[in-house]
Structures are given as C-alpha cells and as structure tokens.
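1. here you go, sequence then predicted model.
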Amino acid sequence: MLIAITSEGLEPSSLVAEKFGKTPFIIFYDTDENTYESLHNPYANLFGGAGIQTAQFIIGNDAAAVISIDIGLNPLRLLKSAGVEVYSCSKILVQEVVNEYIAGNLSIIKQESFYDISKKGRRRKRRNWNKNI
C-alpha cells in the first residue's frame, strides 16, 4: 500500500512536517515493497489553496493513505471523498510514523474532529452604541 507522509526533508530520517499544505516534501512510502520516493511539494509556497493543491497532488500519485500532524478541513474533505484515509501523528521521524502505521497505532482523522458544528451559527449581535448621534 502506498502512503504519503508530510516531511521536512527528503529522507525517512526527517521529521514529519506540521502543516499539510505547506509541507516542503512528501514521502510516498510503499509498505508492500518497503521502498520510498521523496517528492518536493510544488504547492508549498502558495498563498492560498496550498492544502487543496497538495491533496490533489497526493491523489494524483495514487496514495491510499496520508499521515500528517495538522490538516485543514477542505483538504481533509477532498482526500476523504477520493477514498484516501487520513491519519494524525505527533512530530516524530517519518520512519517511526511508518512503523506506527504498520503496527496500527495511528488514529484516523474524521471530519467531525476538526469542525465543531455546535458553534456554527452562533454570532454575537453587533451593538450600535452611537445610534442617537
């Protein structure tokens, strides 16, 4: 199975990158063959939409799973709609994350964990303090 891991470097001895869309590199690790390929994230320097573009890049490279520390709601939805599983991890080495994934110790990210619908629609009314002036 091909998994994509956000990375700060080109080697599995690199740390997992914190931000999904702004990750400088993505390591595609084949768990069946025990091989990897490191690619530069061409969308890391975008001012807007880096997460969506990075998600499309990963989907285009046929990854079945993604592992990252932090991912936004829109790229998460895109990956889920494409059938890609998304897992969270802590800031450790890429090789350690691969071992944790193989052992089944990573937790899968669900959309509900990133978006609290109970707060949606709650807005404070703006008071017009100067309405008599």
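-> Everything's here; your move. Residues are numbered from 1 along each chain as shown.

2. burial count for the closest residue to Leu15 other than its chain neighbours?
-> Leaving aside its sequence neighbours, Leu15 sits nearest to Glu8 (CB to CB, 6 or more residues apart in numbering; 4.8 Å). C-beta: built from backbone N, CA, C; applies to glycine. The local packing of Glu8 (other CB atoms under 10 Å) involves 14 other residues.

3. please, where are all the strands along the protein?
-> 2-7, 25-30, 35-40, 65-68, 85-88, 107-108 (DSSP state E).

4. buried stuff in stretch 42-61?
-> For stretch 42-61, the neighbour count (16 or more other CB atoms under 10 Å) marks Tyr43, Ala44, Ala50, Gly51, Ile52, Gln53, Thr54, Ala55, Gln56, Phe57, Ile58, Ile59 as buried.

5. for the residues you listed, give me CSV that also has pLDDT and distance to Met1.
-> Output for these, formatted as CSV (pLDDT from 0 to 100; distance: CB to CB, whole Å):
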residue, pLDDT, distance to Met1
Tyr43, 95, 24
Ala44, 94, 25
Ala50, 94, 26
Gly51, 94, 23
Ile52, 96, 24
Gln53, 96, 24
Thr54, 97, 20
Ala55, 97, 18
Gln56, 97, 20
Phe57, 97, 18
Ile58, 97, 14
Ile59, 97, 15
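
6. among the residues you listed, which are in helices?
-> Ala50, Gly51, Ile52, Gln53, Thr54, Ala55, Gln56, Phe57, Ile58, Ile59 (DSSP state H).

7. what's around the nearest residue to the second one once chain neighbours are set aside, how many residues?
-> Looking back up the chat, that one is Gly51. Closest residue in space to Gly51, ignoring its immediate chain neighbours: Gly21 at 3.3 Å, by CB to CB, 6+ apart. Neighbour count for Gly21, taken as other CB under 10 Å: 24.

8. quick check: Gly21 touching Gln56?
-> No: using CB atoms under 8 Å, Gly21 makes no contact with Gln56, being 11.0 Å away.

9. mind listing what Ile69 touches?
-> Thr6, Val16, Ala17, Glu18, Lys19, Phe20, Ser88, Cys89, Ser90, Lys91 (CB atoms under 8 Å, 6 or more residues apart in numbering).
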